[in-house]
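Q: Next input, structure requested:
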Amino acid sequence: MISIYKTIDNEQTLKSTDSIEAGCWINLVAPSREELILVSKKTNVPLDFLKAALDEEETSRIDLEEHNLLVIVDIPFTEMEDNSLTYDSYPLAIIHTDSLIITVCLKNSKILTDFIDKKIKSFFTFKRSRFILQILYRIASYYLLYLRQIDKKSLMIEQKLHRSMKNKELIQLLSLEKSLVYFSTSLKSNEITLEKMLKLELLKKYPEDQDILEDVIIENKQAIEMANIYSNILSGTMDAFASVISNNLNMVMKLLASITIVMSIPNIIFGSFGMNIPGIPFIHNPNAFWIVYAIAVLICFITILILRKKQLF
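A: Down below sits the predicted model:
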């Protein structure tokens, strides 16, 4: 899908347009080969640049060819799966040309839709280097946002784990831990790319742009630290609660074993007095049933007291 936007100077508003012209922003989301060829011919951008972000395994990097600058960074995604949020990262390509900006991604991202929905202040499509930095800053902000969501979600799962005997919660924690690993790997890869961008002449023209890039690097490092801290906490929590689940199960088994012992006592007594042989005690006593019943209850009561004293009941 191809979407073309341009900031109108007089109105300072972002408007959609059908033609590719200087100062516009071309946003490609899961484009077809025909769309890629069309954009490549219209903008003189190498087809390899446009196709780079369509590979999920593409790593964060910078590439420069003639007057075209390619910046690939990993951006965070969250999706609803099995009634729960899952987190992952995908590559986003930002291509800077002499006259316009092109973004390419496999999926529609909230990071870019925030610009389309005019949630970003002082955003202009014709300020190409500033636009790239604003996208990078938004990426770092979303990483921090999703990391806080993961932390809150793990706390909710931990509360359920206190009384759980199932693996469902542990599997959910494992999914969150995998998300943190993905985020940590992507953030470290982005960090290398951001450090390389500091050396670009393109971003040295305006001191404000360099300040914004330094802010982006700080935000990215903060996200890396958060991801590492949450990952370590989550790993320790999973080990601890695996033992908790096992202990909960042992407690239930211990209770069931104690109940089985207590319930077997009346069976033994009633079975003994039920034998049809001479010499059974109380055989001629009219109150034999109640005597035997009382004996069974008394022995059960004594057994319960012994089990409770040994903390088995």
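Q: Next secondary structure after the helix or strand hosting Ile224?
A: Assigned by DSSP states H and E, Ile224 belongs to helix 207-273. Following helix 207-273 in sequence order, the next helix or strand is helix 288-309 (DSSP H and E).
Q: For that next one, which residues meet the burial criterion?
A: Val292, Ile295, Ala296, Cys300, Thr303, Ile304, Leu307 (16 or more other C-beta atoms under 10 Å). Backbone N, C-alpha and C define where each C-beta goes, glycine included.
Q: where does the stretch 51-200 of the chain dip in pLDDT?
A: Residues of the stretch 51-200 of the chain meeting the criterion pLDDT under 70: 80-85, 161-167.
Q: For the stretch 1-150 of the chain, which segments are assigned as helices?
A: 33-43, 47-51, 110-116, 128-161 (DSSP state H, counting those that start in this stretch).
Q: ok, residues contacting the second one?
A: To tie it back to what came earlier, the one meant is helix 47-51. Helix 47-51 is contacted by residues 28, 31, 36-37, 39-40, 63, 65, 68, 70, 93, 95, 102, 104 when judged by C-beta atoms under 8 Å, 6 or more residues apart in numbering.
Q: and if we set it to 10 Å?
A: With contacts defined as C-beta atoms under 10 Å, 6 or more residues apart in numbering, helix 47-51 is touched by 26, 28, 31, 33, 35-37, 39-41, 43, 58, 63, 65, 68-70, 72, 93, 95, 97, 102, 104.
Q: now Lys254: how far from Ala240?
A: 21 Å (C-beta to C-beta, to the nearest Å).
Q: Neighbour count: these two, which is higher?
A: Neighbours per residue, other C-beta atoms under 10 Å: of Lys254 and Ala240, the larger number sits with Lys254, 14 against 11.
Q: Quick check: closest non-adjacent residue to that one.
A: Sequence neighbours aside, Leu312 is the residue nearest to Lys254 in space, at 6.1 Å (criterion: C-beta to C-beta, 6 or more residues apart in numbering).
Q: any idea which element that neighbour lies in?
A: Under DSSP H and E, no helix or strand contains Leu312.
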